[in-house]
Structures are given as C-alpha cells and as structure tokens.
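**Q** with the input below, show me the fold.
(one chain, ligands or ions: 1)
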Amino acid sequence: MDALSTPQVQLAVPALALAVLGGIYLFRSPSSSNAAGRPLPPGPPGLPLIGNLLQVPGTHLATYFKHVCQEYGGLASLNLAGFPIVLIGDMKAAKEVLEKRSAKFSSRPSIPYVRGHVDPSEIYWGVREQGPSHFIARKLTVGLMSAVRAGETDALQWHETLISMTHLLSGGGKDWAKHLDRTSASMVLTVAFGLHCPTGEEEEFKEVMDCLAMFINLCTPSASIINVLPFLDWIPGPMPWRTRAREYRRREDALYDRLIKNAVEGSGSGMNTWSAVFAREDKPEGDQRRLMNQFTGAAIETTALSMHVFVLAAILYPHWIARAQKEIDAVVGPDRLPTFKDRPSLPFVEALVRETLRWRPAARFGVPHQSTEDDIVEYDGKEYFIQKGSIVFAVSWAIDHDKERFANADAFIPERYLDDKGELKSGYETSAFGFGRRVCPGAPFAERALWIGIAMMLWAFDIRKSDEVDPKTGKVFEYGDGDDAFSGEFSNAPHHFPAVFEARSAHHAEVIRQEWADCEKDLNVLLPQRKER
Ligand code: HEM
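**A** I've put the predicted structure just below:
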C-alpha cells in the first residue's frame, strides 16, 4: 500500500475508488441524458453531492450490498458522488440485464493502477474492458472447456484428488487447508502447463502462488493512492507505485515465460496442455500465450476457497453427512474410491456442490461489469434508467440468498436441491459463476474439481470439529459462519479453522494407500497427447 493505511482512509477507499474509476470512464465518454425521465433504480437516500459515499463500508461490502438489495429490491442503486452503482440482487433481474442485454453490460471497470501499471498489456483479460484480448481468449476457452466437458481432464483431476486423500490420511487433517489448496492449484497448473506439484513445496509452485497473491493485492482498490487520486500519476520519476508494479511485472513475466516454455518445448511438451492450445493460436504480433496467467489467476483461489467452505459446512451443519455417505456407500462400495463414472448415480453429492456454491459463494458480489450504453430496464412492472458507465454488481450473496427461492437461506441444506425421491430437482440456476458474456468460462472444470473432492472426502473420512486451542484466545477454537468468520475481501475465504479428518475405517485407509500404489502416475497418460497445428 502506498499511503492509504489509516483506518479512516481505508473506510472510504472502496467507495472512492469505485467512484473514481467509474467517473474516469464517464469523463472519457459522456452519457446521453434520460430524456424520458425514468428514475434510477431505488436505493438508500444519500447526502447532497457525495450521495452514499460515506455509507459504503471498508470491508464486507457484499453484506452491505445484500442489505441494500433486501431493502430496495432486486434492482437497486447507489450514488457515489454522482457516479451510479447498480446492484442486482435477483436472478430474474440478473438475466434481464446481464444476459439479455449482454451487448451493453459486458465491459469491466478497470482500476487506474491496474490499467496503467500492474497490467498495462491487458494480460489479465478477465478484469479488463472488452477488447481483442478478451475476444480471443473467450474464443479459445470454448474449445478448452468442451474438452473438459468431454472428460479429457477427468483422469488428471481424479489423480490430483487422490494425492490429497493420501495427504489428509497421513496428517489426520493437520494442514488440511494446505492440502486442498495444493490440489486445486496443481490440477490447474498441470492441465495448463504440465506443472505437476505433488507436494506443494516445489519452487515453481511457490512462485506461482506468491505472484498470484501479489496480483490480488495489487488489484485491490486500496493498493495504490493513484486509484483514489489518479492525477498524482502525472508526477514523473520512480514513484513507489511504479517501482512496485514494475518489480511485480518483471517477476511474473519471467515466471510465465518459464512455465510456457516448459509446456511447449520442455517436459510438458508431450501433453495437450492449455498452454499448447493457446500457443498453437499465437499470432506473431500477439501474446496469447500470456493469456494463460488469467486462467490460473481466476481458477486457483476460487476453487480452493469453495472447498474450504465445504469443510466448514461439514463441521457446522453435519446433519446431512450420514445420508451422503449412505448414498456413496451404496453406489461405490467399500473397496474403491469414487470416480467420475459414479457422478450420474450420486445426486446427493451434486446437491452438495450446488449448496456449497450457494451457501457462501466465492465471489459474493461477483466481478463487476460496466455498461457501455444508456439503457432502460423494466423490473417489477416499472422502468428504470441505467446510465452508460454504471458499475453493475450481480450480488450473488443476495441472489442466491433470496428468501423466496431459498427457505432458511443462511443455513447449509443440500436437500433443497432434491425431490421426494432423492433425485435432483430440475431448473437449477446459480449466480456463483456470474452472467452473460463474462460468465466464468472455467465452470465445468471447477464443478468437476468440487465434485470429485467432495465425493472422495466423504467416502474416505469423517470430518469433524477439532478441540485445538485457538492461539488468539487461548480457548478451544470457536467455529462460526457469520461475516467475522470470512475475510470480507473480494474473494471471500473463510478464515483458517482447524478440522479433523479421520479415516472411516482401517479398511478405507488401506484402500486409499492401495489405490495410490496401483494408480497411473505418468502425466503423459493422464492427460491427452499433444495435437499438432
Ligand atoms: C468454484 C470455482 C470458481 C468460481 C466460484 C468462479 C467464479 C467466477 C465469477 C463469479 C466470475 C465473474 C463472472 C462475471 O463477471 O459475470 C468468473 C470469471 C472468470 N473465471 Fe471463474 N470461477 C471459478 C473457477 C474458475 C476456473 C477453474 C477457471 C479456469 C479454469 C476460471 C476462469 C475464469 C475466467 C478466465 C474468468 C473471467 C471471464 C471474463 O471476464 O470473460 N474460473 N469466475
């Protein structure tokens, strides 16, 4: 952080940064007036000139957005010093605005520091405006994900999950979060670059994770004073924000150059990795290979965090565990671990994946979109004006906690997705992966990672509370699922909590060891072979 460390300044930073980054956009491309006089979507009354600027909290923004949606409706708005923020807290409104009108609502606001210094070459296409990089990357992603849907990554995802079962078994749950984080990261890094990380202690693994943490840090509105006072960037010379971003870029560019070289020419070159696919499409003037950074960036933390959410749910709401294990035992039996072939026969596990994504979504207010044209949207029988340049949040935390769709929405109840016969109800919809032209392209990969992770953990272990002492309080750890139990950041991870993973029987433990001893370990077999141009 450059100069934004006092609590008072931090409180106003998210709101100020939102206003500044949207305001710049408006300044560059002034909007037409709303001649027909339709109102903006409703929202809390604000002060003259600054509007709601001082009401927006510095942390747990999603909870504030959720309250606004609950009070003012599924299409609400805030006014940050004249700049409009639109909050969508209802599935129907999200589809109406972000899907039906996706041509106008699919850009992204970009923070001045990211745009000018952290990512000047638009490598991170998922957090940048729509443009050639975004277009090419989305097109390529369609091909990658149809291979995932066809099962081409199943063997590798299964293998990585089996490794984490061996780790959980040997530690009894000690370092469980580290093992699940490794699984999510190694799955993505192997499929993307052929970089398999069975221990999580590999040097390149640590470098990827460090760069990722740095990037997330540099993308927060409070990362630099120029997000709030962008004119400071006119000062020439080696300002601290420039030096920091330059060092980061140098480090990350070197890392991804190494990873891509290894994937295309080195030890990963026999496999049809995502890098190889991107490299085949590489135009001489372009740098699509680097688009891989975005993929790893978006994939690793969200998936790991969702697995942490599942473990927390298993500890706090264990009522469903016996039923889930009964279903798994009936289909899989005691002598082997679940595989993707069991997926159609295990609706309860499917329901657990859905409820995990709903109960505490990884991105509670999604990733903001920005509108590129004025529009009039009908909601609940009334027409509202949405101004060009508005920042639009699909607030998952409100959409998937809508009391009309989800009874007892704050509790973890996987049965809500099942009918009386225990089959999955039809008409499943989720906001966890976003909407429209920006919808998460990695969803098929993510859902598979969650499904196999949950199925194997429940087959293998009884997961329960630990009676470890919390070093912060000196008392036995207290579990919770309120806001205090989560980071409150953009991706809302639960704070670390201890858990016990006890093998369900000596036989289950032995089956894990035996499957590990017998399984295929050659990545060139686990992943499809490289295809030539
Ligand atoms: C549980 C895991 C995941 C969750 C909850 C999640 C959620 C999201 C959300 C909410 C968005 C923003 C959508 C919008 O703006 O409307 C997004 C975008 C994105 N996700 Fe995921 N994601 C997950 C895993 C993955 C994985 C595994 C990959 C890649 C393999 C991935 C790649 C991306 C990319 C590249 C974008 C940017 C898309 C764009 O701007 O066009 N995500 N994700």
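**Q** now the helices for the stretch 1-150 of the chain?
**A** With DSSP state H, counting those that start in this stretch as the definition, the stretch 1-150 of the chain shows helices at residue ranges 7-28, 61-72, 91-94, 112-113, 132-149.
**Q** output stretch 152-164 as PDB, nothing but the C-alphas.
**A** Output of stretch 152-164 as PDB, limited to C-alpha atoms (Å, rounded to 0.1, in the frame of the first residue of the first chain):
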ATOM      1  CA  GLU A 152     -10.400 -35.200 -21.100                       C
ATOM      2  CA  THR A 153      -9.200 -33.800 -17.800                       C
ATOM      3  CA  ASP A 154     -11.100 -36.300 -15.600                       C
ATOM      4  CA  ALA A 155      -8.200 -38.700 -15.100                       C
ATOM      5  CA  LEU A 156      -5.900 -35.900 -14.000                       C
ATOM      6  CA  GLN A 157      -8.500 -34.300 -11.700                       C
ATOM      7  CA  TRP A 158      -9.100 -37.700 -10.100                       C
ATOM      8  CA  HIS A 159      -5.400 -38.300  -9.700                       C
ATOM      9  CA  GLU A 160      -4.700 -34.900  -8.000                       C
ATOM     10  CA  THR A 161      -7.700 -35.600  -5.600                       C
ATOM     11  CA  LEU A 162      -6.300 -39.000  -4.700                       C
ATOM     12  CA  ILE A 163      -3.000 -37.400  -3.800                       C
ATOM     13  CA  SER A 164      -4.800 -35.100  -1.400                       C
END
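**Q** please see if it touches the ligand.
**A** No - against the ligand, stretch 152-164 shows no contacts by Cβ under 6 Å from any ligand atom, the least distance being 9.7 Å. For the C-beta atoms, the positions are set from N, CA and C on the backbone; glycine is no exception.
**Q** low pLDDT regions in the stretch 201-350 of the chain?
**A** Counting by pLDDT under 70, the stretch 201-350 of the chain shows low-confidence ranges at 282-291.
**Q** please repeat the previous calculation with a cut-off of 50.
**A** Residues of the stretch 201-350 of the chain meeting the criterion pLDDT under 50: 284-286.
**Q** repeat that for the stretch 351-500 of the chain.
**A** Judged by pLDDT under 50, the stretch 351-500 of the chain has no weakly predicted residues.
**Q** return the residues of it in contact with the ligand.
**A** Selection of the stretch 351-500 of the chain residues close to the ligand by Cβ under 6 Å from any ligand atom yields 362-363, 366-367, 369, 432-435, 438-442, 445-446.
**Q** out of those residues, which is nearest to residue 153?
**A** residue 445 (6.6 Å; Cβ to Cβ).
**Q** quick check, the closest one in a helix?
**A** Yes - under DSSP: H, G, I helix; E, B strand; the rest coil, residue 445 falls within a helix.
**Q** chain neighbours aside, what residue packs nearest to it?
**A** residue 148 (5.0 Å; Cβ to Cβ, 6 or more residues apart in numbering).
**Q** residues contacting the residue positioned nearest the centre of the chain?
**A** Geometric centre of the chain, nearest residue: residue 302, 3.4 Å, by Cα atoms, centre = their mean. Taking Cβ atoms under 8 Å, 6 or more residues apart in numbering, we find residue 302 in contact with 362-363, 446, 491.
**Q** close to the ligand, is the helix or strand where it lies?
**A** Assigned by DSSP states H and E, residue 302 belongs to helix 292-316. Yes - residues of helix 292-316 contacting the ligand under Cβ under 6 Å from any ligand atom: 294-295, 298-299, 302-303, 306.
**Q** quick one, that helix and helix 132-149 angle?
**A** Angle of helix 292-316 versus helix 132-149, following axes from the mean of the first three to the mean of the last three Cα atoms, to 10 degrees, is 50 degrees.
**Q** before we move on, back to that, would you mind measuring from the residue nearest to the centre of the chain to residue 323?
**A** The spacing between residue 302 and residue 323, counted by Cβ to Cβ, to the nearest Å, is 27 Å.
**Q** and what of residue 251?
**A** For residue 251, the distance to residue 323 equals 48 Å [Cβ to Cβ].
**Q** mind listing what's buried in stretch 132-141?
**A** Neighbour counts using 16 or more other Cβ atoms under 10 Å place 133-134, 136-138, 140-141 of stretch 132-141 among the buried residues.
**Q** just these now: which is nearest residue 280?
**A** residue 140 (9.4 Å).
**Q** was I right to think the closest one contacts residue 280?
**A** No - the criterion here is Cβ atoms under 8 Å, and residue 140 misses it with residue 280 at 9.4 Å.
**Q** how much space between residue 142 and residue 428?
**A** For residue 142, the distance to residue 428 - Cβ to Cβ - is 22 Å.
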